[in-house]
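**Q** Sharing a model that was predicted from the sequence below.
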Amino acid sequence: MNRRTFMKDTAALLAVVGLPSWAMEKLYDREQLTPLAQQLFLPFIGAPTATIDSAAVHLLNRISYGPTPDEVARVLQLGLSAYIEEQLAPTQIDDRDLAPRLAALTTLQMNNAELLEQKAQVVIRELEQATVLRALYSRQQLQEVLVDFWSNHFNIYIGKGQCRFLKTTDDREAIRPHVLGRFRDLLGASAKSPAMLFFLDNHLNRKQAPNENYGRELMELHTLGVEGGYTEDDVQAVARCFTGWLIRQGDFFFALRQHDTAEKTVLGMTMPAGRGLEDGEQVLDLLAQHPATAHFIASKLCRRFVADAPPDALVQQIATVFQQTDGDLRQVMQAILTAPEFASAANQKFRRPAEFAIAAARAVGAETDGKQLVQQIQQLGQPFFGEPAPNGYPDVAPAWLSTSGLLGRWNYALSLAADKLPNLQVNYLPALADTATAITVANHLVMALLPGHTASDVSAYLAEFLGGGQASIQQLRARAPVAAGLLLAAPIFQWH
Amino acid sequence: MRTEPLARRTLLGGHLWQVGNSSQGQATTPTTSRDLLLCVFLRGGADGLNIVVPHGDADYYRARSTIAIPQPGQGVGAALDLDGYFGLHPALASFQRLYQAKLLAPIHACGSPDPTHSHFDAMDYMERGIPGDKRTATGWLGRHLQLTSQTNDAPLRAVGMGGQTPLAMRGAKATAISSIAAFHLREPQSDQHVVAAALRELYGSDNLLNGMATQTFSVLEQIDQKLQPDYTPAHGAIYPDSPFGRNLQQIAQLARGDLGMEVACADIGGWDTHANQGNQEGEQAQLLADLGQSLEAFVTDLEDRLDRLTIVTMSEFGRRVNENASGGTDHGHGNCMFVIGGQINGGKMYGAWPGLQQEQRYGPGDLQVTTDFRDVLSEIVRKRLGNADIAQVFPDYQPHGLDLARTSG
C-alpha cells in the first residue's frame, strides 16, 4: 500500500467514525478503549481530516515554516485566497517585531568592501542567525520560504574563500529583492553577485583559456536544466561570453581587456564580434526566455510546493504561466498556490531537516537569538548555505530519509520540548492545574503544537501515553514534555 | 595466501602485517564470508591525470604548463614512479608503499561511457551503476546486497558515513551514521524504554517511514549493546583529523565490532578544481594527502583482516587534459580508479592508455575511457563479494575481466 491509498483509506475510516474531538473526552475510557485506540486511532496519525482548518494548515505548511495559532487564525479570518494574496505582497505585511531581533547583527547591512574587513566567522554567524530568526519570527513567511528556495537554486557554499564574506550581499541584494519579481532580474543579479562570481570561479574567467564552471552550471542548474538541450560547444561559448566578469575590491567589475571579443554562437544564436558586457547579458536574456528554463523552474517550484513528483499537467501549466508572464515569479507562485493539484497534495512532502527544526521551534513558541537552532540544524545535516555542490540541497524525501536523520529528529524534538536546549526557551505548556486530566493535557498539546489540526486520534494516543484516566497530576507534569516531544518526533510532524 | 609479509612489513611503516590464515583463528574473525568492501567516492570529478601522472607522455607536460607534476627524479614534489611510465602525485606516498607491497592496483583511463559532463548526472549514473539511466531507483550496491540478503540480515550490513543514505545502497536496508558517538537516544535512562516504545508504535503506522524507523532502532540496539564506545586504532594507525579520516576510523570501529558489516561508503569532497588546483602543493595536493593518509591508516588499522578487505575509489568523471587560465581544469571524462586489498593483484597498472594528443582525446578535449568502471566493480562483486549474478547488479552490461582480484580459496 503506498501513501496515497493509505491516506484515502484513513480518510474514509475517519468519515465513518466521525468523532469530533470534544466527544473523545466523554468516550475516552482507558480500560475499555485501549485496544480500540490501538486498532483504530493509531493508523490515523499522519492523516488529517479534510476541513477548512486542514486546508489552512496545508497552505501554511507549504508557504510558511510551520503553522502557528496566530497564522491559522489569520487564514481562517481572511480566507485562503486573500491570505495567499497577502503573502504574495510581503512588503505590505507589518513585520515590525522582527527588526529588533536582527538589530545587533551589524554585518547584515554592510557592503562588500566593509564585509571583507570583518572576521569571516562573524559574518557567517550573523547571516545564519538572521536566516533562522526570519524563518522563525517574520510574518512574511512565504518570502522567507522563497528566499530559501532561490538560495538553494542559486546555491553558494559559504565555506569557499571569499564567499564567506560575500554571501551576505548575495542574500540581501541578489536573492531577497527578486524572489517575487522577474526571473530575469533574479538571474542577472545572481550573475553579477560577487559571491556567485567567486563560488563558480567566474572571477578567474579570462579570454586566454576560459573557465567553464559558471557557464555550465548557469545552463544546467540555474536555467535550462541538464536536459535543456544545450551542447558542450554551448558550454564553451557561454564561458567565453562571461570572460571578464570579475570581482574588484569585492564588487562586480567588467574587465573588457579580459573579455573574449570574437564571435560566438550560443544555442544557435550568433553573438557578433567586438562586443563587451552585452555578450553575457544577451546570454542571460536568451536563457531566461528559453522554454526549457520555464519548464525547469516550473518543475522545481512544483516539486517544492506541491509534491516530490508533481503532476506533469501542473508543471506544464505553470511553465506556460512562466512564459506568458515573462517570468513573473509572483504570478507563477499564485498559479501554483491556487491550483487544484496544490490543494489535494496535503502531507505529501517530507520536511527537510531545517524545515522540521524550525517548524518544531515555531510550534513550541521558541524564544531564542537563533544561535542554538543554527547549530541544531547543522547537526541534523542541513546547515544554512552549507552544501558544497552547486546544485544545493535535494528536495525529495528519499534524500533525507535515513537512520541518522530520523534519530537526529527524535533527539532534537525530545530535547526541544523538554526545554533542554541552551539559549532557547519554549512556551507551549501552561502550569498544569491540579484538576488537569490526561485528555485535557493531550488536547492542549495537540492544539498548541498542531494548531488547526482536528486530531482526535492523536489526542487519544497522547492521553494514553500520559497515563490515561488514572494519571496523577505529578505524572502528568512529568510526562507532558515527553508527550510533546513525541508529538514533534512522530511521523505526523515529519510530513507537511 | 600472500607471500610478501616482509615487504609489507618494511614498506608499510614497520607494522606486522598478519595475513591470510593467521587471522582466521582469532576471535575477531568477521561473521560473513564476503570481504568488507569500502567504497570511497571522490565528489566533484577528481583530476586523475594529476593523481596517476602519465609522466612518460610528453603531451601531458605540453597540456599543463603550470599544474603538471614533474617527472620522477626532478627534485622535491616530483611524481612517485610506479612503472616507468606512470607515477603518483607526491602527496600519495602511502599509495606508492601499497603499490610496492602489491596491495594496490591503479586503473587509468577508466570511468563511465556516458558523455555527460554534469556532476550530478554522472554521480547518479555511477552510483546506480547504470550509465544514462535516471529511472532505476536502486543503486549497484543495493542490488548486490538485496541479491545476497538471505545470508546476512545484520542491521549494520551496509553503512554509509554521513546524514544521508548513499544512492549506491538504495534498494537494500542501509544505515547512515554521522557519528557513532552521537548515535544514541538522548533521553534519561529512566525514560528511554518508554520513549522508544512510543516511537516504535507511532512509526509503525506510517508505511513510508516505518522501515527506516525499524532500521534505526535495530542499529541503536547494536551500537548500545555490542559496540565498545571507545575505540583505539590497532597497529599504531593514526587517522588524519579530517572528516574523511574520522569517518574511516569509525568504519574500522564498526568492522572491529564484528556486527556483520559487508559494505561501507565514505565520501571525500572538494575535487571540483576549476581554479587554483595547484600542482605538487595546493588544493588538490591537500585532498590527496588526506585521502592517502586516511586510507593508509585504515589499511594499517585492519591489517590483520587484509585478506578480507577490499577498497575501491571512484569519482564521477576526470578533468580536461588542458589546464585553463585560472590554474585549474574543467570537467572531463576518463579518470583513474584504485583498488586496494589483500587479495588484489596489485603492484601493476591496469587499463589501456589512449594517449593525450588532440585526435586521441574525447569530446571537448578529455582523456578517453578505455576501461568501463563496471569492469572494475564487477570483478570485485564476483570475486571478493562472492556474487556471480553480475547481470542483476549491472543490468545490460557484459563486463570484461581485468584479473585484478583473486577469488578466495
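**A** Alright, I've got the coordinates. Here the structure is a predicted model, which means the values were calculated and not measured.

**Q** Touching, A:L221 and A:K300? I think so.
**A** No. In terms of CB atoms under 8 Å, A:L221 does not count as a neighbour of A:K300; the distance is 9.9 Å. All C-beta spots, glycine's among them, are computed from the backbone N, C-alpha and C.

**Q** list residues touching both of those two?
**A** By the contact definition CB atoms under 8 Å, 6 or more residues apart in numbering or on different chains, A:L221 and A:K300 are jointly contacted by A:H153.

**Q** Show me which of the two is the more surrounded one.
**A** Ranked by neighbour count (other CB atoms under 10 Å in any protein chain shown), A:L221 and A:K300 place A:L221 first, with 23 against 20.

**Q** Can you give me every residue that contacts that one?
**A** A:L221 neighbours (CB under 8 Å, 6+ apart): A:153, A:155, A:390-391.

**Q** Low-confidence bits of the chain, can you list those?
**A** You didn't say which chain, so I picked chain A. For chain A, applying pLDDT under 70 flags the ranges A:1-52, A:454-455.

**Q** let's do chain B instead
**A** If you take pLDDT under 70 as the line, chain B has these spans: B:1-32, B:409.

**Q** quick one: the helices in it?
**A** Under the criterion DSSP state H, helices of chain B are mapped to B:5-11, B:58-63, B:93-100, B:119-128, B:140-147, B:189-204, B:210-226, B:243-256, B:283-301, B:373-379, B:390-393.

**Q** JSON lines for these, including mean neighbour count?
**A** JSON lines is the format used below for the helices of chain B (neighbours: other CB atoms under 10 Å in any protein chain shown):
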{"stretch": "helix B:5-11", "mean neighbour count": "16"}
{"stretch": "helix B:58-63", "mean neighbour count": "16"}
{"stretch": "helix B:93-100", "mean neighbour count": "22"}
{"stretch": "helix B:119-128", "mean neighbour count": "22"}
{"stretch": "helix B:140-147", "mean neighbour count": "25"}
{"stretch": "helix B:189-204", "mean neighbour count": "16"}
{"stretch": "helix B:210-226", "mean neighbour count": "17"}
{"stretch": "helix B:243-256", "mean neighbour count": "22"}
{"stretch": "helix B:283-301", "mean neighbour count": "23"}
{"stretch": "helix B:373-379", "mean neighbour count": "24"}
{"stretch": "helix B:390-393", "mean neighbour count": "18"}
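
**Q** Nearest to chain B: which residue in the stretch 51-200 of chain A?
**A** A:L200 (7.8 Å; CB to the nearest CB).

**Q** If I follow the layout properly, that residue ends up in contact with A:E217?
**A** Yes. Using CB under 8 Å, A:L200 is in contact with A:E217, at 5.6 Å.

**Q** These two: which is more packed in?
**A** More neighbours surround A:L200 than the other of A:L200 and A:E217, with 29 against 24 (other CB under 10 Å).

**Q** which residues touch the more buried one?
**A** Contacts of A:L200 (CB under 8 Å, 6+ apart): A:213-214, A:217-218, A:390, B:274.

**Q** Find the pair from those with maximum spatial separation.
**A** Farthest apart among those by CB to CB are A:L218 and B:H274. That separation is 13.4 Å.

**Q** who's more crowded, those two?
**A** Between A:L218 and B:H274, counted using other CB under 10 Å, A:L218 has the larger neighbour count: 29 against 26.

**Q** Could you confirm the more buried one falls within a helix?
**A** Yes. Checked against DSSP: H, G, I helix; E, B strand; the rest coil, A:L218 lies within a helix.

**Q** if we can go back for a sec, can you list the contacts of A:L200 in CSV and add distance to A:A399?
**A** Below are the contacts of A:L200 laid out as CSV (distance: CB to CB, whole Å):
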residue, distance to A:A399
A:N213, 24
A:Y214, 25
A:E217, 20
A:L218, 24
A:P390, 16
B:H274, 25
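
**Q** all helices of the stretch 151-300 of chain A, in order?
**A** Under the criterion DSSP state H, counting those that start in this stretch, the stretch 151-300 of chain A contains helices at A:163-169, A:183-191, A:194-199, A:213-217, A:232-241, A:277-289, A:291-305.

**Q** by contact count, what packs against the third one?
**A** In terms of contacts (3 or more CB pairs under 8 Å, 6 or more residues apart in numbering or on different chains; DSSP states H and E), helix A:194-199 is packed against helix A:163-169, strand A:245-248, strand A:251-254.

**Q** gap between the two ends of stretch A:165-185?
**A** With CA to CA, to the nearest Å applied, stretch A:165-185 spans 23 Å between its terminal residues.

**Q** so how far is it off the chain centroid?
**A** Distance, stretch centre to chain centre, for stretch A:165-185: 16 Å (CA atoms, centre = their mean, to the nearest Å).

**Q** same thing with stretch A:118-129?
**A** Its chain's C-alpha centre and that of stretch A:118-129 lie 21 Å apart, by CA atoms, centre = their mean.

**Q** Same check on stretch A:440-449?
**A** Offset of stretch A:440-449 from its chain centre (CA atoms, centre = their mean): 26 Å.

**Q** near chain B, which residues of the stretch 251-400 of chain A show up?
**A** Proximity of the stretch 251-400 of chain A to chain B is confined to A:350, A:353, A:379-381, A:388-391, A:397-400 under the rule CB under 8 Å from any CB of the partner chain.

**Q** Report the buried members of those.
**A** A:350, A:353, A:379-381, A:389-391, A:397-400 (16 or more other CB atoms under 10 Å in any protein chain shown).
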